[in-house]
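In: Need a 3D model of the following:
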Amino acid sequence: MRLYELAWKNVKNNIRNYFSLILSLAFTVMIFYNFQNMADSEVFTDLGKLNEDYSKMLIQTLSAVLGAFMIFFVGYATNVFLTRRKKEIGIYIFMGLTNQRIGRLYLLEMTMAGIVTLFVGIGFGILTTQLFQMILLAMSEIAVDIGFSFSIKSVRITSAFYIIVYAAFILKGYLNIVKSSVLELVSAGRKNESVRFGSVALVWKTIVGAGILSYGYLLAIKEGEEEILRNVTAAVVLVIVGVYFLFAGLIPAVFQGLARNKKFLYRKERNLWVSQVIFRMKKNYRTYAMVSVLMICSVTALSASFAWKNRYDSMIHFRTTYTYQLLSSRPDLNAAATRLISQKNEIAYSTSIPILMLSDEETSAGGHNTTSAPTALLAWSDIRRLAKDAGLNLDMKEPDTGTTIEITHLYLISLMTKRTNVPVQFGGRTFLKMDEVSEPYLGYLQETMSFYLVSDEAYASLLPLGRQLYAYNYQIKDPYNYKASADALGALVSDTESNYTARIITGPDSGRDREWIKILYSLCVFLVMVFIMASGSILFMKLYNDALEETGRYDILQKMGCSYQTLKRAVAKELLVSYALPLLVMGVSSYFSVSALENVMHTTLAQIRLVSVGLMAVFFYLCYRISLRVYLKNAGIRRY
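Out: You can find the predicted model right below:
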């Protein structure tokens with residue numbers, strides 16, 4: 001029999017094992033192709049040049065993340081599959097085949113599986129292209145015409161990337177087989193990921209892991225200014241390393257301690273599954289750590305997605321707080337503006353407030369202030385009156401003569417997380433910023449200026465250092481009729497030395513330049529789906545292989561008289577621990593990762609995090625129920 005015929009026969013005979021490999025890899029190929037195809041399509045053209053550029057940049061960025069994940073996932077899947085097949089492949093040595101010929105047999109088998117995977121992945125990718133775009137744009141609440149799009153460029157990119165990655169890992173497997181001894185090939189199915197650790201090693205790993213993880217958590221929630229990006233990056237690395245040490249040290253140490261407690265061990269079926277958990281933890285701790293990290297990424301990305309959607313809605317509401325705004329040097333403009341607007345629109349509410357414009361020379365402000373944004377001061381009594389007139393919240397303490405409050409606009413993400421005790425200078429005087437609020441007291445104007453709230457006394461003392469202007473703000477009852485009064489208000493615009501008046505008009509469609517944010521949070525949901533599927537698939541594959549290894553053990557236990565129900569309960573508890581431990585680690589770690597996200601987004605995400613963790617728990621419970629049935633079947637545990 002020729003080598004390629006034997007390879008094809010092996011693929012057909014092991015179709016169940018190859019099916020799980022092909023299905024999992026084809027899913028990642030399909031998603032990667034759809035991302036590439038969407039970036040190459042014209043679906044975003046109707047959104048405008050800025051939104052199109054930002055949307056395609058986001059897709060390419062997430063494609064890079066997905067590509068990095070694909071490298072990791074293909075490597076893991078092929079390695080697990082090779083370990084599972086090594087024992088079977090090793091038998092060919094006793095048939096007279098050399099390691100080189102066995103390696104070539106493996107290459108042929110994996111090449112056949114890889115070709116099928118590529119065709120299935122791209123084929124389903126092409127079939128689901130329109131559905132993918134419809135779901136993405138429906139989640140983004142963007143109304144554009146969607147047609148079937150096919151890009152040969154996307155096929156080439158996806159194929160080339162997958163072939164390079166896949167070929168690299170199966171070549172690695174070939175070299176592994178060539179260099180392996182007969183004993184290594186035959187016993188590979190039961191080879192641990194690492195040697196068994198002694199008590200000293202476990203204690204050392206526990207102490208190091210706890211220290212690294214704690215420091216990573218501390219950096220994640222630490223406030224800062226320019227150093228926040230460095231802290232977050234370091235926190236990500238430290239948490240990944242800390243989770244690795246957690247599963248390599250602390251958790252095995254805890255279960256070893258439980259195993260030494262005889263009163264605990266010999267109750268119910270614990271002696272059947274506790275020792276198995278210890279063995280599996282020492283064997284598969286890298287897998288558990290990997291799954292936990294993927295789940296942390298999933299919860300964080302899903303929380304970010306929900307947060308960005310809420311932030312987008314809030315930003316649009318922020319910008320449309322007022323339909324018309326006038327910034328003028330005239331203190332008597334309100335009556336004239338009200339009369340002009342009332343000719344064609346009914347005013348829902350209006351406000352006016354004096355603001356003190358300071359020159360750059362008179363200002364040295366921290367926080368979100370930039371050299372391109374003018375700085376303006378507001379008096380406490382004036383902002384209190386404005387908030388009452390507009391029905392806005394005023395949930396802050398009145399500043400004293402030496403403190404100030406920054407009134408900023410809503411940011412999608414800000415790396416300046418330190419919002420209190422920041423020194424700010426106005427006219428040579430130093431004020432301490434005690435808080436930062438983003439209530440839309442001045443609507444769209446807050447996006448163009450840096451406003452600081454000071455006491456009435458401080459405002460009066462600083463008045464000679466700047467130029468006082470007046471902001472007039474109007475919201476009409478029918479915002480869609482905003483164009484009707486636009487021309488009339490245009491007559492008030494002036495740029496003379498004695499009369500400066502500027503006009504801002506904000507309609508319901510004012511957020512169109514930010515629709516790329518909708519694409520951002522929708523893409524995050526797709527990325528979360530990939531991470532969730534990957535974490536579930538990795539743990540499922542590992543438990544699937546573990547069950548096949550335990551066939552002999554459970555066969556002996558059943559012959560010794562252990563009932564089906566007893567073994568089922570023991571397996572159920574063992575698998576429950578396997579799924580619950582990564583979920584528990586994720587639940588704790590996600591608190592700190594989402595807290596870091598709260599700092600940079602200046603928002604509260606506690607409820608979103610709980611919902612995200614709940615969704616992960618439901619998904620893992622479903623995986624657990626499926627795994628239990630498959631494990632019992634593969635391990636040969638059955639009723640007699």
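In: alpha carbons only for contacts and neighbour counts from here, please
Out: Will do.
In: what bits of the stretch 101-250 of the chain have low per-residue confidence?
Out: 133, 135-150, 181-199, 223-229 (pLDDT under 70).
In: Give me the longest helix you can find in this protein.
Out: helix 270-319 (DSSP state H).
In: what's the least confident helix or strand in the protein, going by average pLDDT?
Out: The helix or strand of the chain with the poorest confidence is helix 182-186; it has a mean of 58 (mean pLDDT, DSSP states H and E).
In: quick revisit: mind checking the pLDDT average for the longest helix of the chain?
Out: Mean per-residue pLDDT for helix 270-319: 80.
In: That helix - contacts with which helices or strands?
Out: helix 228-245, helix 251-260, helix 262-265, helix 516-549, helix 564-601, helix 606-634 (3 or more C-alpha pairs under 8 Å, 6 or more residues apart in numbering; DSSP states H and E).
In: before we move on, the earlier item: which SSE is immediately downstream of the least confident helix or strand of the chain?
Out: helix 199-221 (DSSP states H and E).
In: For that next one, which outside residues touch it?
Out: Residues from elsewhere that reach helix 199-221 (C-alpha atoms under 8 Å, 6 or more residues apart in numbering): 231-232, 234-239, 241-246, 248-250, 252-253, 589, 592-593, 595-596, 599.
In: hang on, the earlier thing: turn the helices and strands packed on helix 270-319 into JSON lines, columns for mean neighbour count.
Out: Output for the helices and strands packed on helix 270-319, formatted as JSON lines (neighbours: other C-alpha atoms under 10 Å):
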{"stretch": "helix 228-245", "mean neighbour count": "20"}
{"stretch": "helix 251-260", "mean neighbour count": "16"}
{"stretch": "helix 262-265", "mean neighbour count": "12"}
{"stretch": "helix 516-549", "mean neighbour count": "21"}
{"stretch": "helix 564-601", "mean neighbour count": "20"}
{"stretch": "helix 606-634", "mean neighbour count": "17"}
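In: Relative to Ser24, which of those helices is closest?
Out: helix 516-549 (7.4 Å; C-alpha to C-alpha).
In: Just give me how far that closest one sits from the chain centre.
Out: Mean-position distance between helix 516-549 and its chain equals 12 Å (C-alpha atoms, centre = their mean, to the nearest Å).
In: For it, name the packing helices and strands.
Out: Packing partners of helix 516-549 (3+ C-alpha pairs under 8 Å, 6+ apart): helix 49-90, helix 129-140, helix 270-319, helix 606-634.
In: Could you give the secondary structure assignment for the closest residue in space to Tyr452 that isn't next to it in sequence?
Out: In this structure, Tyr452 finds its nearest non-sequential neighbour in Glu406, 4.5 Å apart by C-alpha to C-alpha, 6 or more residues apart in numbering. The three-state label given to Glu406 by DSSP: H, G, I helix; E, B strand; the rest coil is strand.
In: ok, Glu406 to Met449 distance?
Out: 11 Å (C-alpha to C-alpha, to the nearest Å).
In: more crowded one of these two?
Out: Glu406 (26 against 20; other C-alpha atoms under 10 Å).
In: roughly how far apart are that one and Leu628?
Out: Counting by C-alpha to C-alpha, the gap from Glu406 to Leu628 is 56 Å.
In: swap in Ser154?
Out: Using C-alpha to C-alpha, which is the criterion applied here, Ser154 is 39 Å from Leu628.
In: ditto for Thr351
Out: 65 Å.
In: do Leu272 as well
Out: In terms of C-alpha to C-alpha, Leu272 sits 16 Å off from Leu628.
In: Please apply the same query to Ala486.
Out: 67 Å.
In: swap in Ile517?
Out: Counting by C-alpha to C-alpha, the gap from Ile517 to Leu628 is 41 Å.
In: ok, now Ser328?
Out: As judged by C-alpha to C-alpha, Ser328 and Leu628 stand 72 Å apart.
In: Low-confidence ranges, the stretch 401-550 of the chain, go.
Out: For the stretch 401-550 of the chain (pLDDT under 70), the answer is 412-419, 510-515.
In: repeat that for 80
Out: 410-421, 497-498, 508-527, 529-530, 533-534, 537-538, 540-550 (pLDDT under 80).
In: Mind jotting down where the strands sit in it?
Out: 403-407, 422-426, 429-437, 450-454, 467-476, 494-495, 500-505 (DSSP state E, counting those that start in this stretch).
In: The third one packs against which elements?
Out: Where contact means 3+ C-alpha pairs under 8 Å, 6+ apart, strand 429-437 is packed against strand 403-407, strand 422-426.
In: and what of the first one?
Out: Using 3+ C-alpha pairs under 8 Å, 6+ apart as the contact criterion, the elements in contact with strand 403-407 are strand 429-437, strand 450-454.
In: And it, how far out from the chain middle?
Out: 32 Å.
In: host element of Ala348?
Out: Using DSSP H and E, Ala348 falls in strand 347-358.
In: and the angle for that strand with strand 467-476?
Out: If you take axes from the mean of the first three to the mean of the last three C-alpha atoms, to 10 degrees, strand 347-358 sits at 160 degrees to strand 467-476.
In: in strand 347-358, what counts as buried?
Out: By 16 or more other C-alpha atoms under 10 Å, the buried positions in strand 347-358 come out as Ser350, Thr351, Ser352, Ile353, Pro354, Ile355, Leu356, Met357, Leu358.
In: Can you tell me which of the helices and strands packed on helix 516-549 is most buried?
Out: Comparing the helices and strands packed on helix 516-549 by mean neighbour count (mean count of other C-alpha atoms under 10 Å), helix 270-319 ranks first with a mean of 21.
In: pLDDT averaged over the next helix or strand after it, what's the number?
Out: Where DSSP H and E defines the elements, the next helix or strand beyond helix 270-319 is strand 324-328. Taken as a whole, strand 324-328 carries a mean pLDDT of 93.
In: How far off centre is strand 324-328?
Out: 40 Å.
In: Whichever helix or strand comes after it to strand 324-328, inter-axis angle?
Out: Where DSSP H and E defines the elements, the next helix or strand beyond strand 324-328 is helix 334-342. Relative orientation of helix 334-342 and strand 324-328, computed by the same axes, to 10 degrees: 150 degrees.
In: neighbouring contacts of helix 334-342?
Out: So helix 334-342 is in contact with Ile347, Ser352, Tyr472, Ser485, Ala488, Leu489, Leu492, going by C-alpha under 8 Å, 6+ apart.
In: which non-adjacent residue is nearest the last one?
Out: It stands for Leu492. Nearest to Leu492 is Thr501, by C-alpha to C-alpha, 6+ apart, at 6.8 Å.
In: separation between that neighbour and Asp400?
Out: Separation of Thr501 from Asp400 (C-alpha to C-alpha): 32 Å.
In: Can you pick out the residue with more neighbours from those two?
Out: Using other C-alpha under 10 Å, the more surrounded residue of Thr501 and Asp400 is Thr501, with 21 against 15.
In: just checking, the more buried one touches Ser328?
Out: Yes - in this structure, Thr501 is within contact of Ser328 by C-alpha atoms under 8 Å, at 4.1 Å.
In: if I pick the residue nearest the centre of the chain, what's in contact with it?
Out: Most central in the chain under C-alpha atoms, centre = their mean is Ala301, positioned 1.6 Å from the mean C-alpha point. By C-alpha under 8 Å, 6+ apart, the residues touching Ala301 are Cys524, Val525, Leu527, Val528.
In: If we use 6 Å, what do you get?
Out: With contact set as C-alpha atoms under 6 Å, 6 or more residues apart in numbering, Ala301 has no partners.
In: what do you get for Val65?
Out: Here Val65 is in contact with no residue (C-alpha under 6 Å, 6+ apart).
In: How much space separates it from Phe32?
Out: Val65 is 10 Å from Phe32, by C-alpha to C-alpha.
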